[in-house]
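K.L.:
what follows is a predicted structure for the sequence shown.
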Amino acid sequence: MGRMDGKVALITGAARGQGRAHALRLAQEGAEIIAVDVCAQLDSVPYDMATPDDLAETAKLVEDLDRRIVTREADVRNLGALQSAVQDGVAELGHLDVVCANAGIASFAPGWELSEESFQEMIDVNLTGVWKTLKATVPTMIEQNTGGSIVLTSSIAGLRAFPNLAHYTAAKHGVTGLMRTFAVELAPYGIRVNSVHPTTVSTDMIHNEPIYELFLGVQGATYEDAKVGMTTLNAMKVPWVEAIDISNAVLWLASDEARYVTGTTQIIDAGALQPFKIPHEA
């Protein structure tokens, strides 16, 4: 018996990174998956984004676990595309029990130097896209009258400020606000809503030269430079956590083990939010 037997989970940003990890972890515990990803490059994003091949690989990995999966290329900024993905997924898999609003992008610059396009694209994807994911899925969950669990991907930047991330920080704070409001609104329907707040996570969003350079403020910064620099962010001596660490939290929130947990900010940050940290020895 798996902890997610008989459940269907929709995950945005599922082609790779945290989204793929969530899909696989839930599938390992018995869930069937509706996997959504834009599978295209956005203009303001300085690293290579996921491709259709990445989404196909997610599907293969889920199917290798003997679970069914429905994949759709859809932009979370496009409500109609999300609604179609939900309709298609439910038509094939029967129902919808879990929603992981995970899709997101990253870019860096001082707040006053951000272009209007960069700021707007960040808000549209990382905040409005989360709301549109909720708008596309919640009516189905209410109509089913079987409760459910919604997990929104925020960040430690959704709980504190970070320099060079004004647009990202604003969006992730907004996600936290959405979570708290929807938790109250959906509680009468037995639908729980929580958010996860990771520190840096070892995914393609972090592991690329533009992000190393922007995060560290050093031209030509390398993986090894990032490993040292990002370790200073955390109280525990690690530069980042793994996607599976977030997926395990998502699994718990999605499972009946958390049946009365709603409106919470689940922090997976290796102590990054602690105000005073002991400096790490070299």
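P.N.:
Arrived safely, thanks for sending. Numbers count the residues shown, from 1 in each chain.
K.L.:
all contacts plus neighbour counts: C-alpha atoms, from now on.
P.N.:
OK.
K.L.:
this structure: strands as residue ranges?
P.N.:
Applying DSSP state E to the chain gives strands spanning 8-12, 32-37, 69-73, 98-101, 148-153, 191-198, 265-268.
K.L.:
redo those strands as CSV? Include mean pLDDT, distance to V250 and mean neighbour count.
P.N.:
Formatted as CSV, these follow (pLDDT from 0 to 100; distance: least, CA to CA, whole Å; neighbours: other CA atoms under 10 Å):
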stretch, mean pLDDT, distance to V250, mean neighbour count
strand 8-12, 99, 11, 28
strand 32-37, 98, 14, 28
strand 69-73, 98, 18, 22
strand 98-101, 98, 8, 28
strand 148-153, 98, 7, 26
strand 191-198, 98, 7, 26
strand 265-268, 98, 9, 20
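K.L.:
now the ones you listed as JSON lines including distance to T58?
P.N.:
Shown next, in JSON lines, are those (distance: least, CA to CA, whole Å):
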{"stretch": "strand 8-12", "distance to T58": "11"}
{"stretch": "strand 32-37", "distance to T58": "8"}
{"stretch": "strand 69-73", "distance to T58": "9"}
{"stretch": "strand 98-101", "distance to T58": "15"}
{"stretch": "strand 148-153", "distance to T58": "19"}
{"stretch": "strand 191-198", "distance to T58": "22"}
{"stretch": "strand 265-268", "distance to T58": "24"}
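K.L.:
distance of Q144 from L96?
P.N.:
Noted for Q144: a distance of 8 Å to L96, by CA to CA, to the nearest Å.
K.L.:
of the two, which one has the most company?
P.N.:
More crowded of Q144 and L96, by other CA atoms under 10 Å: L96, with 26 against 14.
K.L.:
right, and that one touches I142 too?
P.N.:
No: L96 lies out of contact with I142 (CA atoms under 8 Å); the separation is 10.1 Å.
K.L.:
what touches both of Q144 and L96?
P.N.:
Residues touching both Q144 and L96 by CA atoms under 8 Å, 6 or more residues apart in numbering: none at all.
K.L.:
show me how this structure divides into domains.
P.N.:
As assigned by automatic domain parsing, the chain contains the domains 8-198+243-262, 202-240.
K.L.:
now the last one: buried residues?
P.N.:
The one in question is domain 202-240. Residues of domain 202-240 classed as buried: 202, 205-206, 208-216, 221-222, 226, 228, 230-240 (neighbour count, 16 or more other CA atoms under 10 Å).
K.L.:
same question for that domain, mean pLDDT?
P.N.:
Mean pLDDT, computed over domain 202-240, is 87.
K.L.:
mind checking the end-to-end distance for that domain?
P.N.:
Distance between the two ends of domain 202-240: 6 Å, counting by CA to CA.
K.L.:
skipping its backbone neighbours, what lies nearest V45 in space?
P.N.:
Leaving out its chain neighbours, the residue that sits closest to V45 by CA to CA, 6 or more residues apart in numbering is S107, at 5.9 Å.
K.L.:
swap in A235?
P.N.:
Here the residue nearest A235, using CA to CA, 6+ apart, is G271, at 4.6 Å.
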